[in-house]
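Enquirer: For reference, the sequence and a predicted model appear below.
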Amino acid sequence: MAEKKSSIHIPGAPGGEPASLEEPTTPREPLPPKPDQRAPEAVSPTGTPTGAPETSRAQSGQYLTTAQGLRLSDTDHSLKAGPRGPILLQDHHLREKITHFDHERIPERVVHARGAGAHGVFRSYGTAANITRAGFLAKDVETPVFVRFSTVLGSRGSADTVRDTRGFSTKFYTDEGTYDLVGNNIPVFFIQDGIKFPDVIHAGKPHPDREIPQAQSAHDTFWDFVSLHTEAQAHTMWNMSDRGIPRSYRTMEGFGVHTFRFVNAEGRTTLVKFHWKPKQGVHSLVWEEAQIINGMDPDFHRRDLADAIEAGAYPQWELGVQTFPDTEDQMFEGIDLLDPTKFVPEELAPVQPIGIMTLNANPTNFFAETEQVAFHPGHLVPGIDVTNDPLLQVRLFSYLDTQISRLGGPNFGQIPINRPQAPVNDMLRDGMHQQAVHSGVAPYRPNSLDGGCPFRAGQDVGAFIDVPEEIAASLKERRNPASFDDHYSQAGLFFRSLSPIEQDHVIQAYTFELGKCYEKSIRERQLAALANVDADLCAAVAKGLGLPAPSATVDVPEAETSPALSQVGKTWPVAGRIVGILADKDSDLSAVEAARQALDAEGIVPLVIAPDGGFLGAEGDGGIPVQRTYLTARSTEFDAVVVATAATPAPDAAPGLDAKAGAPGDALDPRAVLLLTEAFRHAKAIASLESASGALAAAGIPESAPGIVSGTDAAALVGQVTELLAAHRVWERFPAVSA
């Protein structure tokens with residue numbers, strides 16, 4: 001039994017090897033990174049492969065040194081004038097150490113400050129080769145990538161599972177230069193013109209007088225802005241849906257938001273919109289789960305991504321494009337393709353897969369990689385160009401300006417995570433943090449002193465060619481085209497495309513967010529906007545707020561619904577999901593082990609939850625390791641639960657020790673009851689082994705309810721749980737109020 005268990009890898013180990021009980025004293029080289037970690041490719045500041053291993057930039061040597069390599073005998077005591085005397089200014093080690101510490105932090109991003117990243121590879125299918133000459137989209141080309149996921153509003157120290165838009169940005173290290181696909185998990189944006197970006201972010205950020213609330217939109221300034229600036233209604237609708245609280249970065253869709261232009265080898269152009277489709281499906285949390293997680297584990301999404309990669313359940317997304325004729329009016333089926341507050345339903349323009357991305361390595365160092373990675377929508381490659389989307393046009397300026405401010409100057413592209421993996425000869429010189437050592441005397445063109453180098457490239461050798469787009473005669477003025485004026489139809493299309501359960505969640509979200517607003521006038525104004533979106537939605541939210549439902553003031557044409565927008569009714573792979581196994585020393589340990597093995601065989605991470613830590617059974621005799629205790633576990637960590645214990649109260653089931661423990665003397669440990677009832681309430685699959693007979697009944701959970709399975713064969717039960725997990729939740733357990 002013990003040999004089988006050793007094959008089950010539980011992610012979360014902090015180091016490359018187990019720590020010793022005593023402090024090590026024998027000098028040795030630094031430990032290598034963990035197997036799941038990878039550093040940026042070892043290329044020079046100008047993109048030349050160095051041949052050095054990825055670890056060549058890590059610390060080296062057996063002994064503690066200064067930044068200049070001077071070995072040190074002590075780093076615990078400052079140099080003093082006697083043991084009780086003042087510290088001496090000549091202590092060069094103290095000054096270097098404390099000065100560097102004082103400058104460790106750089107300005108966090110104004111938006112997208114809270115993030116997580118991973119390395120991976122993108123493999124092209126070649127299906128886009130006829131519409132773009134981008135080399136990395138040719139058939140079977142593999143390109144290294146680094147991806148950063150993030151929330152928008154919160155600070156770097158905020159929680160993960162807040163209701164917010166998420167960033168989804170991918171850096172492709174192509175041999176034609178770095179290409180950045182900078183996007184979100186929502187295909188529409190709050191604003192149509194980038195000049196409004198400071199306004200929407202200032203409105204969504206904490207109030208400037210009190211610096212609250214953090215990382216959320218449930219407050220007056222946000223709803224004041226979006227109820228007045230009604231072009232934000234479509235994005236707000238997506239955010240109030242379950243899309244605003246994804247289950248995982250791994251189950252989150254990604255969108256390029258804007259319309260881009262592909263250019264093929266003959267110079268023909270096609271307009272495209274980018275989509276990232278997660279292979280595990282698009283899944284979300286329910287609102288109560290998100291609230292609990294923010295307190296129990298504010299790093300939930302970060303941990304989920306890193307643990308999945310460490311466990312070998314590599315997340316995958318298929319990259320696809322919607323394609324549109326590059327016509328003069330740049331419209332498609334009545335939708336203005338330059339309006340970033342509009343999306344094109346997939347039923348009108350199917351998403352055509354063009355490649356697959358696999359994230360297979362965690363960063364070696366969060367700051368050096370995830371925090372310093374710099375994306376920019378102007379990082380393009382031949383065959384991909386921008387359009388005149390007025391939000392995209394401003395981003396082309398803003399992103400570059402932001403990186404210069406955050407990363408200390410114009411040479412941020414030389415930071416290892418940002419270095420191109422293609423030759424760089426840019427004639428740019430000097431500046432703060434210059435890491436390249438340029439040669440030659442003529443950083444200008446034309447020149448003869450450096451032999452004329454660098455030379456201009458033609459299209460035949462991969463030059464980027466700006467599309468010669470004809471500009472119609474027009475006035476210079478500050479206004480949008482008339483096609484941008486519809487602010488409500490797509491919000492209504494989205495709401496009516498959802499299942500009744502999902503519509504209930506949207507109603508609840510609007511009611512919660514507006515209920516947190518102090519000003520009645522703001523609640524009334526947003527209800528007026530909802531009346532133009534959908535009368536039923538407006539009436540339900542108004543009822544929850546105790547206000548009358550207003551009538552529509554705008555005649556909005558009702559569009560066809562888009563079934564692709566609903567997250568309910570599909571099945572998906574389950575690899576990387578997490579299942580909790582409730583067990584104790586009196587459980588049938590052979591059945592527990594069989595459940596662990598069966599779950600592991602499906603690529604699911606099994607975590608054993610017991611009254612206390614250590615092992616179930618003797619450690620040296622095939623005992624089962626415990627990953628969580630009743631004290632440390634909470635239902636929100638698990639996608640399903642297997643019950644293999646009667647869950648009698650543990651010795652520490654005392655309210656004075658843990659408020660979740662409840663009153664003493666209950667038939668079940670109150671923390672186990674809480675875990676089971678939450679899992680049931682959140683519509684998760686629950687399996688009960690024969691040894692746990694009566695536990696569900698004692699917790700008030702009817703065994704005849706949908707998604708509750710029981711039996712004596714642990715492996716067979718796991719099979720049933722796996723089938724239920726494929727749908728993400730047992731949706732039948734949610735009675736749809738609005739149905």
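Expert: Right, received. Where do you want to start?

Enquirer: Would you map the helices across the stretch 551-700 of the chain?
Expert: Taking DSSP state H, counting those that start in this stretch, the helices of the stretch 551-700 of the chain run over residues 589-601, 670-681, 695-698.

Enquirer: Would you mark the buried spots in the shortest one?
Expert: Within helix 695-698, the residues that qualify as buried are A695, L696, A698, counting by 16 or more other Cβ atoms under 10 Å. All C-beta atoms are positioned from the backbone trio N, CA, C, and that covers glycine.

Enquirer: again with the first one
Expert: For helix 589-601, a neighbour-count test (16+ other Cβ under 10 Å) marks L589, A591, V592, E593, A594, A595, R596, Q597, A598, L599, D600 as buried.

Enquirer: quick check, nearest of those to S474?
Expert: L599 (62.6 Å; Cβ to Cβ).

Enquirer: measure P213 to N294 for me?
Expert: 12 Å (Cβ to Cβ, to the nearest Å).

Enquirer: any idea which helix or strand of this protein has the worst average confidence?
Expert: helix 2-5 (a mean of 42; mean pLDDT, DSSP states H and E).

Enquirer: Sheet-wise, list the partners of the helix or strand that that one is followed by with their directions.
Expert: Using DSSP states H and E, the helix or strand that follows helix 2-5 in sequence is strand 37-38. Partners of strand 37-38 in the sheet, by DSSP bridges, are strand 352-363 (parallel).

Enquirer: pLDDT check: weakest of the buried residues of helix 695-698?
Expert: In terms of pLDDT, A698 ranks lowest among those, with 84.

Enquirer: which residues sit in contact with that one?
Expert: The contact partners of A698, taken as Cβ atoms under 8 Å, 6 or more residues apart in numbering, are A647, A667, L668, V673.

Enquirer: Find the residue closest to the second one in space, skipping its chain neighbours.
Expert: Distances taken as Cβ to Cβ, 6 or more residues apart in numbering put A698 closest to A667, at 4.9 Å, once the chain neighbours are dropped.

Enquirer: That neighbour and A646: what is the separation?
Expert: As judged by Cβ to Cβ, A698 and A646 stand 8 Å apart.

Enquirer: ok, I624 touching A583?
Expert: Yes - between I624 and A583 there is a contact under Cβ atoms under 8 Å: 7.5 Å.

Enquirer: who's more crowded, those two?
Expert: A583 (29 against 25; other Cβ atoms under 10 Å).

Enquirer: State the pLDDT value of the more buried one.
Expert: pLDDT, read off for A583, is 95.

Enquirer: Tell me how far it lies from G12.
Expert: 19 Å.

Enquirer: Same check on K139?
Expert: 39 Å.

Enquirer: ok so, going back, which among the buried residues of helix 589-601 gets closest to P423?
Expert: For the buried residues of helix 589-601, the nearest to P423 is D600 (45.4 Å; Cβ to Cβ).

Enquirer: Need the overlap of contacts for I624 and A583.
Expert: Shared contacts of I624 and A583, counting by Cβ under 8 Å, 6+ apart, come down to L589, V592, V608, L616.

Enquirer: Same list, those residues, but as CSV with distance to H103 and pLDDT please.
Expert: Shown next, in CSV, are the shared contacts of I624 and A583 (distance: Cβ to Cβ, whole Å; pLDDT from 0 to 100):
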residue, distance to H103, pLDDT
L589, 54, 93
V592, 51, 95
V608, 44, 97
L616, 49, 94
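
Enquirer: which among the residues you listed gets closest to H433?
Expert: Nearest member of these to H433, counting by Cβ to Cβ, is V608, at 48.4 Å.

Enquirer: My guess is the closest one contacts T629. True?
Expert: No - with contact defined as Cβ under 8 Å, V608 and T629 do not form a contacting pair (9.8 Å).

Enquirer: Please identify which of these two sits among more neighbours.
Expert: V608 (26 against 17).

Enquirer: Please tell me how far that one sits from R634.
Expert: In terms of Cβ to Cβ, V608 sits 15 Å off from R634.

Enquirer: F260 now?
Expert: Taken as Cβ to Cβ, the span from F260 to R634 is 42 Å.

Enquirer: Same question for A695.
Expert: Following Cβ to Cβ, the distance that separates A695 from R634 is 18 Å.

Enquirer: ditto for W287
Expert: Distance from W287 to R634, by Cβ to Cβ: 16 Å.

Enquirer: of these two, who's got more company?
Expert: Neighbour count, other Cβ under 10 Å: between W287 and R634, R634 has more, with 21 against 18.

Enquirer: Many thanks, I have nothing further to ask.
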